[in-house]
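Asker: build me a model:
(2 chains)
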Amino acid sequence: MASDIQKKILVVEDNPAMMKALQIALERNNYVCMQAASATEAIEMMKTEIPGIILSDYEMPIINGFEFRQILLKNTLWRDIPFVFLTSHSNDYLVLQGLNLNALDYIVKGTAIPVIISKLDNILHSLRTEQKKSVRELRSAAEALNAKFIPNKAVELEDFHLAFWHKPFQDYPGGDFIDFIKIDDRYCFVVLGDIMGKKWKAWFFNFGFLSYIRATIRFNEIGSTPDVKTIIQTINRLVQLDDNLQNILCSVSLLLLDSQTGRVYYTGAGDLPIINYNAERKTVTIIESAGLLLGLQEKSSYDEQLLTLDPGDQLILFTDGATDVKLNGVKKSDYSSFVDWLQAYLGTENTFDNIRCQMIERLNENDQIDDASIVFIEKKNNP
Amino acid sequence: MILNHQEEPNGLVQATIVPNEANADNAELFKEELTALVDNGAKNIILSFKNVTYIDSSFLGSLVVGLKYAMPRKADIYLVDLEEDIHDLFRLIRMDRVFKIYKNYNEAVKAIQ
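Answerer: Here you go, the predicted model:
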């Protein structure tokens, strides 16, 4: 059935007894119930909180249900919220008038409450199914265009073990992207990015950013030693020149792995600090890059840090969806707690598998609030 | 309404973000309200985060877009009353180098003067 996020319902009803009965029944059926006694109150509420579905009375003083529906249809943020009328009228003309306003259903008061709940569940379920179908179709179209933002698997390197885990927010293709670009037997780039936005909008702009990143890396490869600082500066300049990406921001961690020396060159743009585990000393270091988000300023300066990995040393990169969770119903960004949590698995046998299994538990559907991605790099113990 | 605001003399505006969760649902409206303040002549906007317990990347993006809109129009945005973990997030992703962040309204006013 529909996920918890979609089951946030706004009930607009001026009869307190009817409101109470609906609220109890809805909450018993896992709905989060926002309650408004008038259309005006409902409009005020929706300015700060958007419900997944609206159940609105028709007969209300000052602004009736139809007028309320018309107000919603004029607002780009509210017009697509599924809307169901609740009324004591069963007049065909009124029903038709309501359905002409793109209401999904028309429930007559007096309908048994379990039936009302069942109707709402069915509406949300159908919408969810339809949405999944659209996502699948769009995904296939994007794959046909080679617009793939998360690889099927990490590349195989002789000296480094690479792995990743990614979980999109509510199964939407979203704002995170991952890429491994192997230049030759010696050099391989690792890219982890996050567009600042959600769902389709972020997914659409992924294409622009990742295209510039891929192209810049490939161009840089021609005739010069790869240099992550120059590459990220070039990407930022290109993004600034692209009118379609104006006011779109993106964080990126960019690493260049050198198999010959075991060196890793790291630069970042507004990314979360990465984690470095030293196997010999069994210590964890947090490494911060200095760059600002891509697209923020034309003349941003970026740094380059050199890390030398010995066998068993590990690097972990992640996006904010991995650190942000909902605890007891309250959303929090807590980088430090995430790093503390992560430390228990660093340096263990099968570190990445352990992290992946634990992340799935940590970010179950109710707790995840954004796209979550983790990239794992470990220097192999080659003879 | 995402911003509750009060206009002071000399283009100073005291604005408070109303919702506890500053997220994708309200980011677009926030951006519109913030840029409208600039269009209406605000020169120094002191933006209070006192109600905000969580900020997501969409809202953060709108905040940056608001600043990019304000700067060429000779306006500036000051952030105050940030909860510790939100302030930490700003530091972690270097946004503290982009925004002027102060402990509270009085400190921001002092800095503006």
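
Asker: tell me how far the residue in the stretch 51-200 of chain A that chain B sits nearest to lies from A:D92.
Answerer: Per CB to the nearest CB, A:M196 is where the stretch 51-200 of chain A lies closest to chain B, at 3.5 Å. C-betas here are computed from N, CA, C, even on glycine. Distance of A:M196 to A:D92, given as CB to CB, to the nearest Å: 49 Å.

Asker: ok, now A:S300?
Answerer: Distance of A:S300 to A:D92, computed by CB to CB: 63 Å.

Asker: next up, the contacts around A:Y266.
Answerer: Each residue near A:Y266 by CB atoms under 8 Å, 6 or more residues apart in numbering or on different chains is listed here: A:228, A:253-255, A:274, A:287, A:289, A:304-307.

Asker: got the CA coordinates for the strand or helix carrying A:K332 in PDB?
Answerer: According to DSSP states H and E, A:K332 maps onto strand A:330-333. Output of strand A:330-333 as PDB, limited to C-alpha atoms (Å, rounded to 0.1, in the frame of the first residue of the first chain):
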ATOM      1  CA  VAL A 330      11.900  14.400  13.900                       C
ATOM      2  CA  LYS A 331      14.200  14.900  11.000                       C
ATOM      3  CA  LYS A 332      17.900  15.600  11.800                       C
ATOM      4  CA  SER A 333      21.200  16.100  10.000                       C
END
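
Asker: residues touching the next helix or strand after it, excluding its own?
Answerer: Once strand A:330-333 ends, the next helix or strand along the chain (criterion: DSSP H and E) is helix A:335-343. Residues outside helix A:335-343 that contact it (CB under 8 Å, 6+ apart) are A:272-273, A:275, A:284, A:286, A:316, A:318, A:322-323, A:355, A:362, B:88-89, B:92.

Asker: which parts of helix A:335-343 are buried?
Answerer: Of the residues in helix A:335-343, A:335, A:338-339, A:342 count as buried by neighbour count, 16 or more other CB atoms under 10 Å in any protein chain shown.

Asker: compare A:S300 and A:D92 (neighbour count), which wins?
Answerer: A:S300 (22 against 8; other CB atoms under 10 Å in any protein chain shown).

Asker: confirm A:V284 sits in a strand?
Answerer: Yes. Counting by DSSP: H, G, I helix; E, B strand; the rest coil, A:V284 is found in a strand.

Asker: quick one, what contacts it?
Answerer: A:V284 sits in contact with A:275-278, A:339, A:343, A:346, where contact means CB under 8 Å, 6+ apart.

Asker: in a markdown table, list these along with secondary structure and pLDDT.
Answerer: Shown next, in a markdown table, are the contacts of A:V284 (DSSP: H, G, I helix; E, B strand; the rest coil; pLDDT from 0 to 100):
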| residue | secondary structure | pLDDT |
| --- | --- | --- |
| A:I275 | strand | 97 |
| A:N276 | strand | 97 |
| A:Y277 | strand | 97 |
| A:N278 | strand | 96 |
| A:V339 | helix | 94 |
| A:Q343 | helix | 93 |
| A:L346 | coil | 96 |
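
Asker: ok, these vs chain B, which is closest?
Answerer: A:V339 (10.7 Å).

Asker: measure that closest one to B:L92 for me?
Answerer: A:V339 is 11 Å from B:L92, by CB to CB.

Asker: A:V325 now?
Answerer: Taken as CB to CB, the span from A:V325 to B:L92 is 16 Å.

Asker: and A:Y345, by the same measure?
Answerer: Distance of A:Y345 to B:L92, computed by CB to CB: 21 Å.

Asker: buried stuff in stretch A:360-369?
Answerer: In stretch A:360-369, counting by 16+ other CB under 10 Å, buried: A:363, A:368-369.

Asker: among those, which one lies nearest to chain B?
Answerer: Closest approach to chain B among the buried residues of stretch A:360-369 (CB to the nearest CB): A:I369, at 7.1 Å.

Asker: so what's residue 82 up against?
Answerer: Here I'm looking at chain A. A:52-54, A:104, A:123-124, A:127.

Asker: that's the wrong chain, I meant chain B
Answerer: B:L82 makes contact with B:49, B:52, B:90, B:101, according to CB under 8 Å, 6+ apart.

Asker: what's the answer for B:D85, then?
Answerer: Contacts of B:D85 by CB under 8 Å, 6+ apart are A:332-334.

Asker: most neighbours of all the residues you listed, which one?
Answerer: A:S333 (24 neighbours).

Asker: the top helix by length along chain A packs against which elements?
Answerer: Counting by DSSP state H, the longest helix found in chain A is helix A:113-144. Applying 3 or more CB pairs under 8 Å, 6 or more residues apart in numbering or on different chains; DSSP states H and E, one finds that helix A:113-144 makes contact with helix A:16-28, strand A:53-57, strand A:83-87, strand A:105-108.

Asker: contact partners for A:I217?
Answerer: With CB under 8 Å, 6+ apart, A:I217 has these contacts: A:181, A:183, A:189, A:226, A:231.

Asker: how near is it to A:K379?
Answerer: The spacing between A:I217 and A:K379, counted by CB to CB, is 22 Å.

Asker: then A:V115?
Answerer: Counting by CB to CB - A:V115 and A:K379 are separated by 62 Å.

Asker: between the two, which has more neighbouring residues?
Answerer: Shown here are A:V115 and A:K379; by other CB under 10 Å, A:K379 has more neighbours (21 against 10).

Asker: skipping its backbone neighbours, what lies nearest the more buried one in space?
Answerer: In this structure, A:K379 finds its nearest non-sequential neighbour in A:L309, 4.0 Å apart by CB to CB, 6 or more residues apart in numbering or on different chains.

Asker: wait, that neighbour touches A:L315, no?
Answerer: Yes. Contact criterion CB atoms under 8 Å: A:L309 and A:L315 qualify, at 7.2 Å.

Asker: joint contacts of those two?
Answerer: With CB under 8 Å, 6+ apart as the test, A:L309 and A:L315 both reach A:264, A:377.

Asker: how near is the residue lying closest to A:P82 once chain neighbours are set aside to A:I81?
Answerer: Leaving out its chain neighbours, the residue that sits closest to A:P82 by CB to CB, 6+ apart is A:I53, at 4.5 Å. According to CB to CB, A:I53 and A:I81 sit 7 Å apart.

Asker: list the contacts of A:L77.
Answerer: So A:L77 contacts A:46, A:50, B:28-29 (CB under 8 Å, 6+ apart).

Asker: out of those, which end up buried?
Answerer: With neighbours counted by 16+ other CB under 10 Å, the contacts of A:L77 contain buried members at A:46, A:50, B:28-29.

Asker: ranges for the helices of the chain?
Answerer: You didn't pick a chain, so chain A it is. A:16-28, A:39-46, A:65-73, A:92-100, A:113-144, A:199-221, A:228-241, A:320-323, A:335-343, A:351-362.

Asker: not quite, go with chain B.
Answerer: So, for chain B - with DSSP H - the helices run B:24-39, B:57-70, B:84-92, B:105-112.

Asker: thanks a lot, catch you later.
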